[in-house]
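Student: okay, sequence plus prediction incoming.
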Amino acid sequence: MSLATGAQADIQGMRHLPGGVFTMGSERFYPEEAPTRRVRVEPFWIDETPVTNAQFAAFAAATGHTTVAETAPDPADYPGMPAEMAAPASLVFQRPAGRVALSDLGQWWRFTFGANWRRPLGPGSSIEGLDDHPVVHVAYADALAYADWAGKALPSEAEWEYAARGGLDGADYAWGAELAPAGRMLANYWQGAFPSVNTLLDGWERTSPVRSYSANGFGLHDMIGNVWEWTADWYGLPSVPQKAPGACCVAPDPRGGQETHSFDPATPQVRIGRKVLKGGSHLCAPNYCQRYRPAARYPQPVDTSTCHVGFRCIIRRTGNPKDAS
């Protein structure tokens, strides 16, 4: 795939994107993606792939970092939490044996003691042979700690979406108008009736090695599928610029938002902020969570790690990025 104008390769695994104006959001899928709006982002560097197990292992070895999933939660932070839950754990997907109601997430998610980035399926599992797979079971603080160590940052939602589009402004998918043109699998997502039937047309039950699929127009791999990716933005309704009659209104990158506005209104007693995830994962399916698209977005509590969430980093300056990862 040819690179869009202005994209440059860098020997340290990043691409320099020229920035510019693009159409953010979509009005053809989920309501939280709408309305579409014109947004401007400044030039930045971005990792070609999600951070891998090998890269995260180097960070952990250099810093001694202990992830959220490797740390027992403090009962004082979770009033009413049963005492037996105060142990290191993370969420692991387990495929049900038969058909289940799609409204019951408990049918496929298991809060698994001992699951973490080193043991992605829980005790007895390991990342042996998975060095080039995206690291998972990383909460927001873990992704931020890695980015700080690497001399980088986490992307804003707008920066991430601009990068994922690869120069295809307004397209539904990172590669064009069709999910699987001519039946070709262009990303690691779920084929079949989620969550019980996976036909594995893409060849992967869970995560896949980064670069398993062709890069987008900016030379970036795995922006869609494989793992969701953390962004720096608090979740909320899209920021839409005020448009004067007859004028074309372009908003600067609407970074930030407010933590208090990101709380889940369905559980007002839980005061845990949620950040925007982008890109979908290997668990997104045509019959459930069609979020394998640049415009898609999902709220993730900052204290929660799972087997299908990872991240990649950016640098908001010109010049060569620090060789730390």
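Tutor: Okay, I see it.
Student: spatially central residue in the protein, please.
Tutor: Nearest to the geometric centre of the chain sits Glu229, at 1.5 Å (CA atoms, centre = their mean).
Student: who does the strand or helix carrying that one pair with, and is each partner parallel or antiparallel?
Tutor: Secondary structure assignment for Glu229, by DSSP states H and E: strand 228-234. Partners of strand 228-234 in the sheet, by DSSP bridges, are strand 274-278 (antiparallel), strand 309-310 (parallel).
Student: how close does the residue nearest to the centre of the chain sit to Pro286?
Tutor: Glu229 sits 21 Å away from Pro286, going by CB to CB, to the nearest Å. For the C-beta atoms, the positions are set from N, CA and C on the backbone; glycine is no exception.
Student: what's the answer for Trp175, then?
Tutor: Counting by CB to CB, the gap from Trp175 to Pro286 is 16 Å.
Student: higher neighbour count, the two?
Tutor: Trp175 (21 against 15; other CB atoms under 10 Å).
Student: can you tell me which residues contact the more buried one?
Tutor: Gly166, Leu168, Pro181, Leu186, Ser214, Asn216 (CB atoms under 8 Å, 6 or more residues apart in numbering).
Student: out of those residues, who's nearest His282?
Tutor: Closest approach to His282 among the contacts of Trp175 (CB to CB): Leu186, at 13.4 Å.
Student: what strand or helix carries the closest one?
Tutor: Using DSSP H and E, Leu186 falls outside every helix and strand.
Student: when you give positions from now on, start the count at 52
Tutor: All right, first residue 52 from here; so that's Leu237.
Student: I'd say it and Ser263 touch.
Tutor: No. Using CB atoms under 8 Å, Leu237 makes no contact with Ser263, being 10.5 Å away.
Student: so how far is Ala317 from Thr250?
Tutor: Separation of Thr250 from Ala317 (CB to CB) stands at 33 Å.
Student: of the two, which one has the most company?
Tutor: Under the neighbour definition other CB under 10 Å, Thr250 and Ala317 were set side by side, and Thr250 has more, 9 against 6.
Student: and the residue nearest to the centre of the chain, what are its bridge partners?
Tutor: Taking DSSP bridges as the rule, Glu280 bridges to Lys329, Gly361.
Student: now do it against Phe269, distance only.
Tutor: Taken as CB to CB, the span from Glu280 to Phe269 is 15 Å.
Student: returning to that earlier point: give me the pLDDT for the residue nearest to the centre of the chain.
Tutor: Looking at Glu280, its pLDDT reads 99.
Student: make sure it is actually in contact with Asp98.
Tutor: No. Look at Glu280 against Asp98 with CB under 8 Å: they stay out of range, at 9.9 Å.
Student: what do those two both touch?
Tutor: Arg363.
Student: helices of this protein, start to end?
Tutor: For the chain, helices defined by DSSP state H occupy the ranges 104-114, 191-200, 208-216.
Student: could you give the angle of the last one to strand 325-329?
Tutor: Between the axes of helix 208-216 and strand 325-329, defined by axes from the mean of the first three to the mean of the last three CA atoms, to 10 degrees, the angle is 10 degrees.
Student: run a quick neighbour tally on the spatially closest residue to Glu210 that is not a sequence neighbour.
Tutor: Closest residue in space to Glu210, ignoring its immediate chain neighbours: Val92 at 5.4 Å, by CB to CB, 6 or more residues apart in numbering. Residues near Val92, counting by other CB under 10 Å, number 24.
Student: and the gap between Val92 and Pro305?
Tutor: Val92 sits 10 Å away from Pro305, taking CB to CB as the criterion.
Student: right, and Phe95 touches Gly70 too?
Tutor: Yes. Using CB under 8 Å, Phe95 makes contact with Gly70 at a distance of 6.8 Å.
Student: higher neighbour count, those two?
Tutor: Phe95 (23 against 16).
Student: show me what that one bridges to in the sheet.
Tutor: The partner residues for Phe95, given DSSP bridges, come to Leu68.
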